[in-house]
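Visitor: build me a structure from this.
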Amino acid sequence: MITRPNLANNSMANLPSNVTTPFLWMWGACLRIWGLWVGLMALFSAGRLSFWLLYMEPERIHDWRLLRGSLVAGWRDDLAVAGILSLISLLLILPLALWGRRHSFVWINRWNMVWLTLAAFLEVCELYYYSFYHARFDPTVFGLGEDNTSAILVTVWHDYPAGQVLMGVLILGLALSCGSNCLARRWDRIWSEDRARVAVLMSSLTLMAVVWLSVPMAAAVKSYANSIKNSNILVVRMPFNAVTSLASAISERFTYIMIGDDPLAGIHRFGFSSVAQAAVVAGLDPAKDIGEQLFMTSPGKEVSSHPNIVLTLLEAFGMDPLQADGPTNDMLGRLRPHFTHDYLFTNFMTGQGATHQEIENIFLGSPITPLTLDRAGQISFRNSAMWPFKKAGYRTIFVFAGSRGWRDLGRMLPQQGFDEVFDRVDIMAKYPDAKANSWGVYDEFVLRFAREKLEEEAKQGQPVFIFVVVNTNHPPYTLDTPHRSLPLSPATLGSRGNPDMDIRAKVMATYQYQADQFGGFLDAIEKSPLADKTIVVGFGDHNLHDVYHYELPENQPDVDRVVGFFRLPTSLRPANVDLARFSGHKDLMPTLIQLAIPGGQYFNTGSSLFLPQSSFDYGLSLFDRVYLPEGVTFAVGAPQFHAWKYPYRELVAATSQTPPEVARKVRQVAASVALRDWYIRSQVIANRQETLKRPAGHLAGAP
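Guide: Next up is the predicted model:
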């Protein structure tokens, strides 16, 4: 008969490793695995509740069963993650058991600390990620590695308590690990080998069952999330923890962004069985070449002379800060009179949520993004919006405040039809007094460079197309360059403004500076000989993330609405333009082609904003939200409808029955997007197959 060890002198904590029996060792290991399990469950639950308390107003959820259901479903998600990580820890320390019990227990404690610290770090990062992007982890998170990583780290360090967070996460991971180890040591001392045998068997069976069921459990959680009829991404994704959110982002990246060999992936994603079915819904003739029908011819006859074009991407130039514009808070500066006598579209919606994705969207009309970071960046896409301008004889130039190496722009843009790419090196070489922050040269010098380049190229008698990207209005919102002093009052943002008044003031100052500098650029164009020969467009790539707190889905229009401004020569100014029509980035290139090169063929992504309003104008944000006069639908593939609470300003929180006509229009939008996805995806796959037959370095030619 085996007796209980003497607690005073022979506790397991004091026994040498060669005396401890295998089952008692295994029970000690299981106790530490269970400690990891409990710690992870506690962390994930705390993270889920933190999301609820920080970003969800409880009174907005009328059905408390939804919260309870999300928490219960979330625990299944947590069990799956905890089970897998626990099994990994156990497998990692099993070989160390041959070395000795003490060593294996030390290492299992270390692995526990690693998993707990990593889980805490991911939970905290996702909390901050949501505060900035209003979404849980998605493929945009990988921009940290693909973007200007050093600049992002500087931004994070300046704008967030990164040092305190890292220290807190390390302390939390260490505390949870030590706490679980102390509890395990106490249980070590009061357990007999007979009971340990049963406990080890039950623990092993439980762990194997959880690991075996982890995939079905995760699928059940995903199914539950998909069944929630709510457009608020936080409600829908509440059951997931940070680990599964990140795993989902990775899966989405490889499924939708890292293009495989199936050209119909996007067609199926948007709910169509075939290209022909999508074509019928989009109003195309499936009996004819569907790819060719995706191109349109701009109305009008070809002309012999074309206006110059300056298309300006203004970083984070959302419309909502203009709600606080007034005598004591001048948000526009020299841009104000231009907003009055030129064309500012007030329901102009962002196409994507980040700068690089927006550049791809404007030139390629691509639902697949990032598209050109991989080998696809070497393809000269037939649908590039620059080819109609090249065919019409334009000199095409890209001017960037940052580095041409960012997102490999210097290599990608010439493949899409740009003759030259200029960046911060060129700008600072021309203006030795120019100053820059971590993201690029200040707007004043970028816009001066673009204007002088326009004047220089126009002398050659060739029309010029210049795409300019300025980025001063970007975290960490540095403005250590001489600039005009304008009235600034952070208090005007009201209670919805960022509670950190210092950040609020910095954000408003860079927004104000950007608007004023763009206004000065327009003033210079107006006074130059090129005034009657130049179209100038200014648009925001996305809204200003750090300025307001948003209640979603009610305030979703404020998240998606950006500045869409056109300055036209007198000869091109039409009468009776509807500035309130729903539009967005999808309409930029069709509008410019209609104005500058009538008769030109282009990839059909939208409408011309200066032609009579069609019966189906809409805004399309992130290829997901469709804006219509009746309301807004979320999820193009399976629309959920929100009516307007206040016309074009705020939405009703609860989902409504989707009107049949709205459902038809959204289905048509989905078909159009799916066909574009198919067309672009097919080019990538075809080019990949051709590359295998061609000498290395040979690139697809321009159309």
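Visitor: every contact and neighbour count from this point should use C-alpha atoms.
Guide: Will do.
Visitor: so residue 410 is in contact with residue 404, correct?
Guide: Yes: at 4.7 Å, residue 410 and residue 404 qualify as touching, with contact defined as Cα atoms under 8 Å.
Visitor: overlap in contacts, the two.
Guide: Where contact means Cα atoms under 8 Å, 6 or more residues apart in numbering, the residues bridging residue 410 and residue 404 through contact with each are residue 421.
Visitor: does residue 655 touch residue 639 like I think?
Guide: No: checked against Cα under 8 Å, the pair residue 655 and residue 639 is beyond contact range at 10.1 Å.
Visitor: which residues in the stretch 401-550 of the chain form helices?
Guide: Secondary structure of the stretch 401-550 of the chain by DSSP state H, counting those that start in this stretch: the helices cover 409-415, 424-430, 443-458, 501-527.
Visitor: take these and lay them out in JSON lines including distance to residue 297 and mean pLDDT.
Guide: Conversion of those to JSON lines gives the following (distance: least, Cα to Cα, whole Å; pLDDT from 0 to 100):
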{"stretch": "helix 409-415", "distance to residue 297": "23", "mean pLDDT": "90"}
{"stretch": "helix 424-430", "distance to residue 297": "37", "mean pLDDT": "93"}
{"stretch": "helix 443-458", "distance to residue 297": "27", "mean pLDDT": "96"}
{"stretch": "helix 501-527", "distance to residue 297": "30", "mean pLDDT": "95"}
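Visitor: returning to what we had before: residue 655 and residue 639: who's more crowded?
Guide: The neighbour comparison of residue 655 against residue 639 (other Cα atoms under 10 Å) goes to residue 639, with 20 against 17.
Visitor: how near is the closest residue to that one other than its chain neighbours to residue 656?
Guide: By the measure of Cα to Cα, 6 or more residues apart in numbering, the closest residue to residue 639 outside its immediate chain neighbours is residue 633, 5.4 Å from it. With distances taken as Cα to Cα, to the nearest Å, residue 633 is found 10 Å from residue 656.
Visitor: overlap of the contact sets of those two?
Guide: Counting by Cα under 8 Å, 6+ apart, the residues touching both residue 633 and residue 656 are 640, 641, 642.
Visitor: tell me, how many residues neighbour the nearest residue to the second one once chain neighbours are set aside?
Guide: What that stands for is residue 641. For residue 641, ignoring the flanking residues on the chain, the nearest one in space by Cα to Cα, 6+ apart is residue 633 at 4.4 Å. Other residues within reach of residue 633 by the criterion other Cα under 10 Å amount to 25.
Visitor: so residue 633 is in which element?
Guide: Here residue 633, judged by DSSP states H and E, is contained in strand 631-634.
Visitor: contacts for that strand, please.
Guide: 231, 624-627, 639-644, 651, 666.
Visitor: quick check: residue 288 is in a strand.
Guide: No: using DSSP: H, G, I helix; E, B strand; the rest coil, the assignment for residue 288 is coil, not a strand.
Visitor: how much space between it and residue 276?
Guide: Plainly put, residue 288 is 10 Å away from residue 276 if you go by Cα to Cα.
Visitor: who are the contact partners of residue 550?
Guide: Here residue 550 is in contact with 496, 556, 559 (Cα under 8 Å, 6+ apart).
Visitor: what about 10 Å?
Guide: In this structure, residue 550 makes contact with 55, 131, 134, 496, 497, 556, 557, 558, 559, judged by Cα atoms under 10 Å, 6 or more residues apart in numbering.
Visitor: okay, domains of this protein per the record?
Guide: Structural domains annotated on the chain: 22-256, 281-286+309-691, as defined by automatic domain parsing.
Visitor: all good on my end, thank you.
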